[in-house]
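# only the shape, not the letters, is given here:
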């Protein structure tokens, strides 16, 4: 995928990966950011014009101090789409990105093509408290995110050797920077009252969930469906919270079937 | 030198297998380990010790704020300070302090500190910590990345509330109050001395220097490990063109005094090990949520707090390590005097917060150690900074005609008649 730096009207500078042709599709990553390899994006680019921005605080994107709360995050999503000159793109958001995509669609429902929410954050059920990702050791994070934590840890670190101090420092600083940003809408409870705005959604909506999601358990999928009448749900076997990375083919198939 | 007798107020009944059974002494410690009936006796013992410290001639007595913490029983230090304000009359009351980013609205701190200053007759030292991540973020729910910004705003509101002579509107990002009007107001003018306790965030140094506040480095790891950080602070002081008064800085130190070095080990070792091996058993992610420390501080401190290495140091500590590496200063009066002089001069501090009660130390040992210190150590260290002898900028300025407990009459015969007229 090729990358470009896009400057929004507000002044953030974001790296946006881009590939393919066809209907525009914007993919919003989760709190962990885009990983080194994102094969599902390459596969989506065979059918759609894919844009995958990195949020300020992630990768080469900057301007994190300009975004402080949920409304800032939501408007930033639209600012990016304006800066890219896109009209009614499909929105796909994973985890934190799903929370942002849903907020964007609630704010400007007529500007969205179709909406795909992949194990989105943003709701809270007292019966199913979401584990506190801000209070986890690295191996615990992998256990919460992946059905196969060992393979997951490899994916998260990009195979870096964390017994090497320099590599460890690099990994630590990068992940602190990401979660600093994510904490603004996820800490201490990832609920910024999105549920009271979901009635505004008009775009056809697909929910995609990993059957083995231990972070935002599938009970949340039922709650989302209850709040978005008509939303479809695809559950993917052999996947946890990181389903786009764990089962890319099944993930892309589910999306292709919905977007057409 | 000013010596303040400080008690963290640990819970002294953590079980022997605490480390093995529980991941953290802080945030998610099982509250079934707390027994309120025992707690009654614990609070009164600790409060009595603080009052005793005044009679021994300590310049100040101190308390602090922690939440959901096995080594700190003071979620509200102001309640402790209020009790001390009534029962003492000479020592400064050092509340180090209120973690103001977690108070909603922060005017509450301006009010309560003013009450304490008035009740104590102007003896309050007011501490404004950012608060540990355990307290401020995990227990009190503040967003780590915004904590410092919220802290600065709370500070501004409190200081404006104390300074202003008429009601004003405060339009903050986190707090909006149409009518700020601090009532009562503190005795000390323009405000009580302000202490900023810090762990090692470099932003805190500039904040202290911008406002000429005292910087208090609160560490449990002693002066050898505190040296490089305090050197960094003093370099910053010089760079900013401020004078080098040692009273700009304070340091906390665990101190145990006995008749001989061997006696110190015999009396205090088990209690110090209780503190280091049980009370400091904190689940590492609670100490370092992303966003609490700025990127500048992370890069400055490199990996110091990152790895489990720090936690590893604390496993299986021995008395010899504690003493040799100067985590604690313990021994005969002469040993303690020598090492403390090295500490005070090495760090260039004018204020020492002495932690004389440690871990599950019983009352009599605490008093024994404190008394030996007051009689045989403190007098030799009082005048370590002769050239700054008259620097009172960071110390209390009480009313001369304040009431003293021995002069007050809680009984009936003269109750309240004087102030009625």
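Yep, it's here. On a predicted model such as this, the values are computed, not experimentally measured, just so you know.

# show me the contacts for the residue nearest the centre of chain B.
With distances taken as Cα atoms, centre = their mean, residue B:96 lies nearest the centre of chain B, 4.0 Å away. By Cβ atoms under 8 Å, 6 or more residues apart in numbering or on different chains, the contact set of residue B:96 is B:6, B:62-64, B:77, B:125, B:127, B:129, B:195, B:197, B:216, B:218, B:353. Where you see a C-beta, it was placed from the backbone N, CA and C, and this is true even at glycine.

# and the residues you listed, which is closest to chain A?
Nearest to chain A among the contacts of residue B:96: residue B:129, at 19.4 Å, using Cβ to the nearest Cβ.

# residue B:101 is in contact with the closest one, correct?
No: the pair residue B:129 / residue B:101 is not scored as a contact, 9.0 Å apart, by Cβ atoms under 8 Å.

# quick one: the strands in the chain?
If you meant another chain, say so; for now it's chain A. Under the criterion DSSP state E, strands of chain A are mapped to A:2-7, A:13-19, A:24-28, A:49-53, A:90-94, A:115-118, A:205-210, A:232-236.

# to clarify, I was referring to chain B.
Remark: strands assigned in chain B by DSSP E are B:2-6, B:60-63, B:92-95, B:124-127, B:168-171, B:176-180, B:194-198, B:214-217, B:249-257, B:328-331, B:351-355.

# make TSV out of these and add distance to chain A and mean neighbour count.
Compiled in TSV, the strands of chain B are given as follows (distance: least, Cβ to the nearest Cβ, whole Å; neighbours: other Cβ atoms under 10 Å in any protein chain shown):
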stretch	distance to chain A	mean neighbour count
strand B:2-6	29	25
strand B:60-63	27	28
strand B:92-95	26	28
strand B:124-127	25	28
strand B:168-171	16	13
strand B:176-180	15	13
strand B:194-198	19	23
strand B:214-217	23	24
strand B:249-257	26	26
strand B:328-331	29	26
strand B:351-355	28	25
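
# and the contacts of residue B:96, which is the shakiest by pLDDT?
Least confident of the contacts of residue B:96 in the model: residue B:218, at 89.

# can you list the weak-confidence ranges in chain B?
Within chain B, the segments meeting pLDDT under 70 span B:200, B:300-314, B:409-421.

# can you list the residues of it near chain A?
B:27, B:137-138, B:141, B:143-146, B:283-286, B:289-291, B:293, B:295, B:298-299, B:302-303, B:306-307 (Cβ under 8 Å from any Cβ of the partner chain).

# report the buried members of the residues you listed.
With burial judged by 16 or more other Cβ atoms under 10 Å in any protein chain shown, the buried subset of these is B:27, B:137-138, B:143-146, B:283-286, B:289-291, B:293, B:298, B:306.

# could you pull up the residues touching residue 230?
Using chain A. Listed by Cβ under 8 Å, 6+ apart, the contact set of residue A:230 reads A:204, A:205.

# correction: the question concerned chain B.
Under the criterion of Cβ under 8 Å, 6+ apart, the neighbours of residue B:230 are B:217, B:249, B:251, B:346, B:347, B:348, B:349.

# ok, the fifth one to chain A distance?
From residue B:347 across to chain A, the span is 28 Å (Cβ to the nearest Cβ, to the nearest Å).

# same check, this time on the last one
Between residue B:349 and chain A the computed distance is 31 Å (Cβ to the nearest Cβ).

# swap in residue B:226?
Distance from residue B:226 to chain A, counting by Cβ to the nearest Cβ: 23 Å.

# residue B:360: neighbour count?
Residue B:360 has 18 neighbours, counted by other Cβ atoms under 10 Å in any protein chain shown.

# that one and residue B:10 touch, don't they?
Yes: in this structure, residue B:360 is within contact of residue B:10 by Cβ under 8 Å, at 7.1 Å.

# what sits against residue B:244?
Listed by Cβ under 8 Å, 6+ apart, the contact partners of residue B:244 are B:234, B:237, B:238, B:348.

# please name the nearest non-neighbouring residue to the last one.
The one in question is residue B:348. residue B:246 (5.0 Å; Cβ to Cβ, 6 or more residues apart in numbering or on different chains).

# fine by me, thanks again.
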